[in-house]
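*Asks:* Attaching a predicted model along with its sequence, questions to come.
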Amino acid sequence: MIKKIISIDDLSLKEINKIADDAIKFSLNKKKIKKSKVKNIFNLFLEPSTRTTVSFELAAKKLGHNIININFDKSSLSKGETFNDTIATLVSMKPDALIIRDQKEFSPKEIYNNYKIPIINAGDGKNEHPTQSLLDYALLKKKFGNKKITIGICGDIKHSRVAHSNIKLFTKLKYNIELIAPDYFLDKKDLLRINKNISYSNSLDNIRNLDVIMMLRIQKERINKNLKSSVSKFKSQYCLNLNHLKSSPYLMHPGPVNRNIEISDQVLDTYHKSLILDQVNMGVYVRMACLEYLF
Ligand code: NCD
């Protein structure tokens with residue numbers, strides 16, 4: 001079977017743990033890089049990105065592969081070529097794998113169904129972002145081992161592909177999940193299909209039992225005009241400050257952070273249990289492990 005990482009659903013618990021364990025070993029310098037055949041990887045990013053695109057590039061290079069970066073402005077999409085014609089053009093050059101980020105949900109799945117090439121979803125609209133979840137898990141596994149931790153996820157859960165992949169992954173791992181968000185940033189019906197045991201709260205004032213709190217950015221690019229006024233409402237109620245962190249949970253955020261909207265400057269600049277840059281660091285090792293899984 002041609003391998004893919006399009007959704008967390010594509011991976012068994014065993015495969016997820018293998019990727020996390022390999023990433024942890026890479027991060028500790030305890031795993032040798034296999035000298036395999038050099039692969040040609042296309043890194044197609046049709047939405048803005050700093051950490052994801054760079055970490056895929058660095059991961060591929062560390063493994064000795066060729067990686068070719070393509071973004072909207074540099075591609076013929078900006079000259080009016082259709083998405084399907086651009087993909088057909090790229091696939092005809094026979095890449096060994098395609099990494100794709102697209103604003104449209106399910107486009108990685110459509111490409112896989114049409115062309116059967118190894119593919120990694122680097123974020124499809126608000127649907128999923130599986131390698132972000134895998135890196136979050138690898139870091140948590142490095143910190144907590146196999147403990148069934150309690151993790152709070154707070155922010156714009158409804159429009160967040162990171163939240164969707166993480167809720168799937170943390171459900172598989174039997175973590176306790178607590179979602180903290182106003183109603184306009186939650187789609188409970190959608191989430192109930194994944195996990196009936198999630199607990200919900202609409203305040204950050206009671207986060208005493210959490211091992212980890214993960215904050216999320218408001219996905220302004222994915223929300224309609226009516227919801228845009230909710231940004232200031234959200235900020236006044238949910239911007240994480242030091243008072244919320246008295247019980248000292250670890251702090252995570254996939255980045256990019258919008259300072260003083262979901263996390264205050266003070267927390268970002270002084271909180272001693274922030275893992276935000278550790279997440280970025282682990283991102284490279286997880287993507288190395290994902291590429292090894294693919295090949
Ligand atoms: C996230 C994304 O693009 O989904 N960023 C990332 O890949 N680390 C989160 C976000 O944009 O808010």
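*Replies:* That came in fine, so what should we check first?
*Asks:* Excluding residues flanking it in the chain, which one is nearest the residue of the stretch 101-250 of the chain found nearest the ligand?
*Replies:* Nearest residue of the stretch 101-250 of the chain to the ligand (C-beta to the nearest ligand atom) works out as residue 217 at 3.6 Å. C-beta coordinates here come from the backbone N, C-alpha and C atoms, glycine included. The shortest distance from residue 217 to any non-neighbouring residue, by C-beta to C-beta, 6 or more residues apart in numbering, is to residue 258 (5.5 Å).
*Asks:* Tell me the pLDDT of residue 72.
*Replies:* You'll see residue 72 listed with a pLDDT of 87.
*Asks:* My guess is it contacts residue 79. True?
*Replies:* No - the pair residue 72 / residue 79 is not scored as a contact, 10.8 Å apart, by C-beta atoms under 8 Å.
*Asks:* and this structure, what are its domains?
*Replies:* Residue ranges for the domains of the chain, per automatic domain parsing: 4-129+284-294, 130-279.
*Asks:* Let me know the average pLDDT across the last one.
*Replies:* The average of the pLDDT scores along domain 130-279 is 95.
*Asks:* that older thread, tabulate the domains of the chain (a markdown table), appending mean neighbour count.
*Replies:* Output for those, formatted as a markdown table (neighbours: other C-beta atoms under 10 Å):
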| stretch | mean neighbour count |
| --- | --- |
| domain 4-129+284-294 | 18 |
| domain 130-279 | 18 |
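*Asks:* Distance of the closest residue to the ligand within the stretch 51-200 of the chain relative to residue 148?
*Replies:* Per C-beta to the nearest ligand atom, residue 52 is where the stretch 51-200 of the chain lies closest to the ligand, at 4.2 Å. Distance of residue 52 to residue 148, given as C-beta to C-beta, to the nearest Å: 28 Å.
*Asks:* Next: residue 109.
*Replies:* For residue 109, the distance to residue 148 - C-beta to C-beta - is 31 Å.
*Asks:* Same check on residue 266?
*Replies:* 31 Å.
*Asks:* Ok, residue 277 next?
*Replies:* Remark: distance between residue 277 and residue 148 (C-beta to C-beta) = 26 Å.
*Asks:* Equivalent analysis for residue 267, please.
*Replies:* Residue 267 sits 26 Å away from residue 148, going by C-beta to C-beta.
*Asks:* next one: residue 212
*Replies:* From residue 212 to residue 148 the distance is 12 Å (C-beta to C-beta).
*Asks:* With residue 237 instead?
*Replies:* According to C-beta to C-beta, residue 237 and residue 148 sit 29 Å apart.
*Asks:* which residues of this protein fall in strands?
*Replies:* Here the chain has its strands, by DSSP state E, at 4-5, 40-45, 66-71, 97-102, 119-124, 150-154, 176-180, 199-201, 212-215, 250-252.
*Asks:* interface residues of the stretch 1-150 of the chain facing the ligand?
*Replies:* 51, 52, 123, 129, 132 (C-beta under 6 Å from any ligand atom).
*Asks:* As JSON lines, those residues with distance to residue 291 would be great.
*Replies:* Listed next are those as JSON lines, based on distance: C-beta to C-beta, whole Å:
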{"residue": "51", "distance to residue 291": "16"}
{"residue": "52", "distance to residue 291": "14"}
{"residue": "123", "distance to residue 291": "17"}
{"residue": "129", "distance to residue 291": "17"}
{"residue": "132", "distance to residue 291": "15"}
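*Asks:* Which members of the residues you listed are positioned in helices?
*Replies:* Residues from those lying in helices, with DSSP state H as the criterion: 51, 52, 132.
*Asks:* Many thanks, we can stop here.
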